[in-house]
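Novice: this is a predicted model, with the sequence first.
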Amino acid sequence: MNIFDDDDFMASSPRESYFSIAKTANQNIVDMEIEKMFRRLAVAEKMLEERELDEALERELKALVVDEDIDRRVDSIFIELMGNIVTQCE
């Protein structure tokens, strides 16, 4: 099953590709993968809170909102989500 046009996939950003795939893929799989990502976020937040780093992190997050490294990491997360969804829809 080809759930996206290969030409569009290569020309778009990871974010655009993810949303395109998420619209056409099995919604149960998409929901499951998003829940996994939120769970990872919750675990990371809990770890920071347990180390009493959550307030310091909030200050750093505000400073890093516009950062190329963060943008690359966000792209990487979108690529990971796409890969997880596509491999389960084949």
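Specialist: That came through, no problem.

Novice: tally of neighbours for Val43?
Specialist: As a burial measure, Val43 scores 10 neighbours (other CB atoms under 10 Å). Every residue, glycine included, has its C-beta placed from N, CA and C.

Novice: Glu45 too?
Specialist: Neighbours of Glu45 (other CB under 10 Å): 12.

Novice: tell me the buried residues in the helix or strand it falls within?
Specialist: Element membership of Glu45 [criterion: DSSP states H and E] is helix 27-50. Judged by neighbour count using 16 or more other CB atoms under 10 Å, the buried positions of helix 27-50 are 29-30, 33.

Novice: who touches it?
Specialist: 22, 54, 57, 77, 81, 84-85, 88-89 (CB atoms under 8 Å, 6 or more residues apart in numbering).

Novice: try it again with 7 Å
Specialist: 22, 54, 57, 81, 84-85, 88-89 (CB atoms under 7 Å, 6 or more residues apart in numbering).

Novice: now the two most distant members of those.
Specialist: Greatest spatial distance in the contacts of helix 27-50: Asp54 and Cys89, 36.4 Å, computed using CB to CB.

Novice: next, give phi and psi for the residue in the chain sticking out farthest from the centre.
Specialist: For the chain, the largest distance from the centre (CA atoms, centre = their mean) belongs to Glu52, which lies 25.6 Å off. The phi and psi values for Glu52, taken as degrees, to the nearest 10, are phi 60, psi 40.
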